[in-house]
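[1] fold the following, please.
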Amino acid sequence: MVITIPITKARINLGEVVKRVHLDKDSFVLEKGGIPVAAILDIDEFEDWLETKDPDLKDQIRQGYQEYKKGTAVPLDKFLAKIQAKKK
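    Reported below is the predicted structural model:
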């Protein structure tokens, strides 16, 4: 859930905000004067966001989506079976 709060309220309740982000996976948008200026989100979500900034990863996602649209993508179970067979 995304919750919008004034930055002053977040500062006063920072411990509770961080607890909700960590345990409940809530995200907070911090506003200053009614304008969104920052966000607080779970570290896993932040790491996922950082990965999307990687140009190589974007290319891999784009290529995978094109393969999926063409029908040439391999189902995960077959892909994993192929990897396991190569290990033997």
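[2] past whichever helix in the chain runs longest, which element shows up next along the chain?
    The longest helix of the chain (DSSP state H) is helix 55-70. Using DSSP states H and E, the helix or strand that follows helix 55-70 towards the C-terminus is helix 76-87.
[3] from the chain's centroid, how far away is that following helix?
    27 Å (C-alpha atoms, centre = their mean, to the nearest Å).
[4] which residues sit against that helix?
    With C-beta atoms under 8 Å, 6 or more residues apart in numbering as the test, helix 76-87 has contacts from Val74. All C-beta spots, glycine's among them, are computed from the backbone N, C-alpha and C.
[5] please parse this structure into its domains.
    2-45, 54-87 (automatic domain parsing).
[6] pick the most buried one from the ones you listed.
    Mean neighbour count, computed with mean count of other C-beta atoms under 10 Å, is highest for domain 2-45 among the domains of the chain, reaching a mean of 13.
[7] just the mean pLDDT for that one, thanks.
    For domain 2-45, mean pLDDT is 95.
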